[in-house]
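Novice: What would the 3D arrangement of this be:
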Amino acid sequence: MLRQIIAEHPGEFANDLTTFDKLVRAQHYGLPTRLLDVTTNPLVALFFACNTNPSDNGKVLLITPDIEKQKYFDSDSVSLLSNLAFLTRGQKEELFEAAKKIKLSSPKLRAEAFCQELIVDRLAQTVKMEKPYFRLEVDPFDLAYVVSVTPRKIHARIKAQEGAFLLFGITEKESGNHMSHMKVEQIEIKSTSKAKIIEELETIGISQKSLFPEISSAADQIKRRYS
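Specialist: Got it, this is the predicted structure:
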């Protein structure tokens, strides 16, 4: 899907420096990716918890990853996980099976054993297209976790929403260990409180119009106001 959208709209991705940037832009346009949108602003999270399904209770989730799992857009780990998008389903399954075979406890020894696999070299070649200096030193454990990524503010919506992303690696669906390093807390929002909270958030500048600064969102809000 990522290749297809880039092929059809190359100009939209011309200024993206990395595959992660491309994933962020594709996500912005509604394409499914390896990313999950989050925000660093709890009031923005509160708005989204209240702005959908008005008859249901909502939740604000506070997700706190270990410090080593908090990355920036130019991290090598982020490049590795992002470029999984350019592997076929079969190649990703092969990569996962290769990772499962490594039982060593030392990260250095794990990386040495893992990098002997041809499929790991295939992933490394895609990373080198954006980072020619990239060295093939991949701990298989690094491909199994979810990392928190601070992105470049490449479009207005990320800036307005104080956006960040969770970037998912390769893991079995039935395994929850890939998020075991993250502390998750939740605050329940009663459905009966949602409308009032949205009104209060708007008084401090957090609204559909401010969080979605595109003209289409402004038009929708104006239309609702006068209907």
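
Novice: who touches His87 in this structure?
Specialist: Just so we're on the same page, residue 87 is Leu rather than His. Leu95, Arg122, Leu123, Thr126 (C-beta atoms under 8 Å, 6 or more residues apart in numbering). C-betas here are computed from N, CA, C, even on glycine.

Novice: Quick check, the last one in contact with Phe86.
Specialist: Yes - checked against C-beta atoms under 8 Å, the pair Thr126 and Phe86 is within contact range at 4.8 Å.

Novice: got any residues that touch both of the two?
Specialist: Thr19.

Novice: now Leu62, nearest residue through space, not along the chain?
Specialist: Glu185 (4.4 Å; C-beta to C-beta, 6 or more residues apart in numbering).

Novice: Kindly report the same for Thr64.
Specialist: Lys183 (4.4 Å).

Novice: burial measure for the one you found, as a count.
Specialist: As a burial measure, Lys183 scores 10 neighbours (other C-beta atoms under 10 Å).

Novice: Next: the one 4 residues further on.
Specialist: The burial count assigned to Ile187 is 13, neighbours taken as other C-beta under 10 Å.

Novice: and the closest residue to Met1 other than its chain neighbours, what is it in contact with?
Specialist: Counting by C-beta to C-beta, 6+ apart, Met1 lies nearest to Leu31, which is 5.7 Å off, once chain neighbours are set aside. Residues in contact with Leu31, defined by C-beta under 8 Å, 6+ apart, are Met1, Leu2, Ile5.

Novice: Excluding residues flanking it in the chain, which one is nearest the residue nearest the centre of the chain?
Specialist: With distances taken as C-alpha atoms, centre = their mean, Leu35 lies nearest the centre of the chain, 2.6 Å away. Excluding its sequence neighbours, the residue lying closest to Leu35 (C-beta to C-beta, 6+ apart) is Phe165, at 4.5 Å.

Novice: Now rank the contacts of Leu31 by neighbours and give me the top one.
Specialist: So for those (other C-beta under 10 Å), the most neighbours sit at Leu2, 19 neighbours.
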